[in-house]
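Student: below is the sequence, then the predicted model.
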Amino acid sequence: MRSDLTTHGSDRRVGVRREILLLFGVGALVLIIIALGALAASRSVARIQALEDSERMTKRLSDLVVAPLLGDALQRSDPGRFQELSMTVENRMRDGHLTEVTVWGSDGVIVFSDDLEVIGRRYELPKEVTSAIVDGKTTSDFENDPEVATSATAGQNERYVEVYVPLKMPGQPTMAFEAYYSYEQVENLSKSLFKELTPLALIPLIVLQIVQLPIAASLARRVRRHETERAKLLERTLSVSEQERMRIAADLHDGPIQDLAGVSYAVGAIGPGVPEHHQGLLSTVQASLSEAIQSLRVLMVDLYPPDLSSSQLPEVVEGLAGPLRDQGVEVVTDVESIPEMGLEVSTTLYRVAREALANVDKHSQASQVTIDLRAHAGDSGPATSSVCLRIADNGIGLDPARLDRRAEGHMGLRLLRDRIVNLGGNMRIEPGPGGGTVVQATLPLD
């Protein structure tokens, strides 16, 4: 998995703005979800309410209109009563809410219908009709009109509420009354409920979002101040660290190294006057002094090289790989001469190289390391030129997410990354193409 730690000077401010936008984006998403939930709830309530209303209307229509007129017509065999029933049903259907009525006999014969052509015809009884006749149950549901698909309105996906109620008349076997209602009532009720529910759910959340705005802005300002203070503290810490390294290096040079060098000269001067049987011991002491002086000089250079100018930086960086070579690690260097740059830039690059190579030595278990140092010309001329240091190894790899863990010894790279960002550059720590870790730091020459 690739992890790019490239950052820029304005990333912190961009990050704060991104967090604020995320906060209000989540709030807007919650509002949308609640609105959709209110819409779904209103539709569900409207469907339940529509079924209940349709069942009540069908029951009243069956008991108060159809049963008296149809029962009288069947008992007297009076066509006038059938005509009166037809006119009554037709009047009920004029508002468009009631769209179809049918009276089923227990033998599947259509006893009455608003469609006069089907009266007297026999059909297979639907299960809802059987349930109404045999069990006396009232059932209702939503369905698409099967005739719509073949009509001129096909494609409009018209829906209806269908209701089946038992129809009982004196002197007649139990029948079933079937009625269809337009789905428009459901839609209207759903819209009405949605208009009532949505403000109740959304207005408190909108007010909450408005209240959060100044709080979020205040927190954002605090975060910016914290990041600014942190950057200044880091800069002071690194500056003090550099000054302390310079002081210690200078103290080593002017103190112990000079003193030991003086002792070494004195030992060499008194050598001819020492008895012959003590010459071996004197030579051993002189060799030990020379080794101690050399070790202190290496330590002094490691703390702070005496010369980190542009001309000397490639040689100093290449010299940092000496301990790795001594351990048998293959070190491949591709170091070019680079133009003049500020001392702060060269010092930072030196510290990146030293920290990266120290991590290779302590953690990577690598057998090969590549050091690449070169300058890059900018697109807009020399003023935008930069210098790039790239150190890659073939070791076990380094998880960039673990850089903040002081106990693991990687904190130096994270501090250097922040230092590089403050200098206008960027730093990447990522897995290598064939394994291991790649540390790449780029800084402007100016």
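Tutor: Sure thing, it's come through. Residues are numbered from 1 along each chain as shown.
Student: from now on I want contacts and neighbour counts done on CA atoms only, so please keep to that.
Tutor: OK.
Student: got phi/psi on Thr442?
Tutor: phi -130, psi 130 (degrees, to the nearest 10).
Student: mind checking which helix or strand Leu74 is in?
Tutor: Secondary-structure assignment from DSSP states H and E places Leu74 in helix 67-76.
Student: Tyr181 is in contact with Asp95, isn't it?
Tutor: No. With contacts counted by CA atoms under 8 Å, Tyr181 stays clear of Asp95, the gap being 10.8 Å.
Student: the more surrounded of the two?
Tutor: Tyr181 (24 against 9; other CA atoms under 10 Å).
Student: doesn't the more buried one lie inside a helix?
Tutor: No. Per DSSP: H, G, I helix; E, B strand; the rest coil, Tyr181 lies outside any helix segment and is strand.
Student: residue contacts, the closest residue to it other than its chain neighbours?
Tutor: Excluding the flanking residues, the one nearest Tyr181 by CA to CA, 6 or more residues apart in numbering is Leu98, at 4.6 Å. Contacts for Leu98 (CA atoms under 8 Å, 6 or more residues apart in numbering) come out as Arg92, Ala179, Tyr180, Tyr181, Ser182.
Student: so what pLDDT did the fourth one get?
Tutor: It refers to Tyr181. If you check Tyr181, the pLDDT there is 87.
Student: what is it paired to in the beta sheet?
Tutor: Leu98, Val161 (DSSP bridges).
Student: which residues touch it?
Tutor: By CA under 8 Å, 6+ apart, Tyr181 lies in contact with Ser54, His97, Leu98, Thr99, Glu100, Tyr160, Val161, Glu162.
Student: verify the stated contact: the fourth one with Asn91.
Tutor: Read that as Thr99. No. Using CA under 8 Å as the test, Thr99 is too far from Asn91 to be in contact (11.1 Å).
Student: neighbour count: the two, which is higher?
Tutor: The neighbour comparison of Thr99 against Asn91 (other CA under 10 Å) goes to Thr99, with 19 against 11.
Student: who touches that one in this structure?
Tutor: Applying CA under 8 Å, 6+ apart to Thr99 gives the contacts Met93, Ala179, Tyr180, Tyr181, Ser182.
Student: name the member of the residues you listed that has the highest neighbour count.
Tutor: Neighbour counts for the contacts of Thr99 peak at Ala179, which has 26 neighbours (criterion: other CA under 10 Å).
Student: now that one: closest residue in space that isn't a chain neighbour?
Tutor: Val101 (4.5 Å).
Student: check His376 too.
Tutor: Ser386 (5.3 Å).
Student: surely the one you found is within a helix?
Tutor: No. Counting by three-state DSSP, Ser386 falls outside a helix, being strand.
Student: just to check, it is in contact with Gly424?
Tutor: No. Contact criterion CA under 8 Å: Ser386 and Gly424 do not qualify, at 10.4 Å.
Student: what do those two both touch?
Tutor: Jointly contacting Ser386 and Gly424 under the rule CA under 8 Å, 6+ apart are Leu443, Pro444.
Student: ok, the two, which is more surrounded?
Tutor: Between Ser386 and Gly424, Ser386 has the larger neighbour count (other CA under 10 Å), namely 20 against 15.
Student: Met341 sits in which helix or strand?
Tutor: When elements are assigned from DSSP H and E, Met341 belongs to no helix and no strand.
Student: ok, now which ones touch the closest residue to it other than its chain neighbours?
Tutor: The spatially closest residue to Met341, leaving aside those adjacent along the chain, is Leu445, at 5.0 Å (CA to CA, 6+ apart). Counting by CA under 8 Å, 6+ apart, Leu445 touches Pro339, Glu340, Met341, Gly342, Val345, Thr384, Ser385, Ser386, Val387.
Student: next one: Leu445 from Glu162, what distance?
Tutor: 82 Å (CA to CA, to the nearest Å).
Student: tell me the secondary structure for Val103?
Tutor: strand.
Student: show me what contacts it?
Tutor: Residues in contact with Val103, defined by CA under 8 Å, 6+ apart, are Ile110, Val111, Phe112, Ser113, Met175, Ala176, Phe177, Glu178.
Student: next up, phi/psi of the second one, please.
Tutor: So the one you mean is Val111. Per-residue torsions, Val111: phi -80, psi -40 (degrees, to the nearest 10).
Student: related to what we said a few turns ago, buried among the contacts of Val103? Make that a ChimeraX selection.
Tutor: Applying 16 or more other CA atoms under 10 Å to the contacts of Val103, the buried members can be selected in ChimeraX as follows:
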select :110,111,112,113,175,176,177,178
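Student: can I get the contacts of Val103 in TSV with distance to Pro323?
Tutor: Below are the contacts of Val103 laid out as TSV (distance: CA to CA, whole Å):
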residue	distance to Pro323
Ile110	103
Val111	106
Phe112	105
Ser113	103
Met175	103
Ala176	100
Phe177	99
Glu178	96
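Student: sort out for me which of the contacts of Val103 are in strands.
Tutor: By the criterion of DSSP state E, membership of these in strands covers Ile110, Val111, Phe112, Ser113, Met175, Ala176, Phe177, Glu178.
Student: which non-adjacent residue is nearest Leu349?
Tutor: Leu389 (7.1 Å).
Student: one step back: check what pLDDT the residue nearest to Ala179 gets.
Tutor: Model confidence at Val101, given as pLDDT, is 91.
Student: list the contacts for it?
Tutor: The contact partners of Val101, taken as CA under 8 Å, 6+ apart, are Val89, Ser113, Asp114, Phe177, Glu178, Ala179, Tyr180.
Student: wait, the fourth one touches Ser62, no?
Tutor: Yes. Using CA under 8 Å as the test, Phe177 is close enough to Ser62 to be in contact (6.8 Å).
Student: need the residues touching each of the two.
Tutor: Counting by CA under 8 Å, 6+ apart, the residues touching both Phe177 and Ser62 are Val165, Leu167.
Student: could you check the pLDDT of Ser264?
Tutor: 81.
Student: same question, Ala407
Tutor: On the pLDDT scale, Ala407 gets 42.
Student: same thing with Ser288?
Tutor: You'll see Ser288 listed with a pLDDT of 86.
Student: same question, the one 4 residues further on
Tutor: In this model, Ala292 is scored at 84, pLDDT.
Student: could you report the neighbour count for Arg121?
Tutor: Neighbour number of Arg121 under other CA under 10 Å is 11.
Student: wait, it sits on Val109?
Tutor: Yes. If you go by CA under 8 Å, Arg121 and Val109 touch, sitting 5.4 Å apart.
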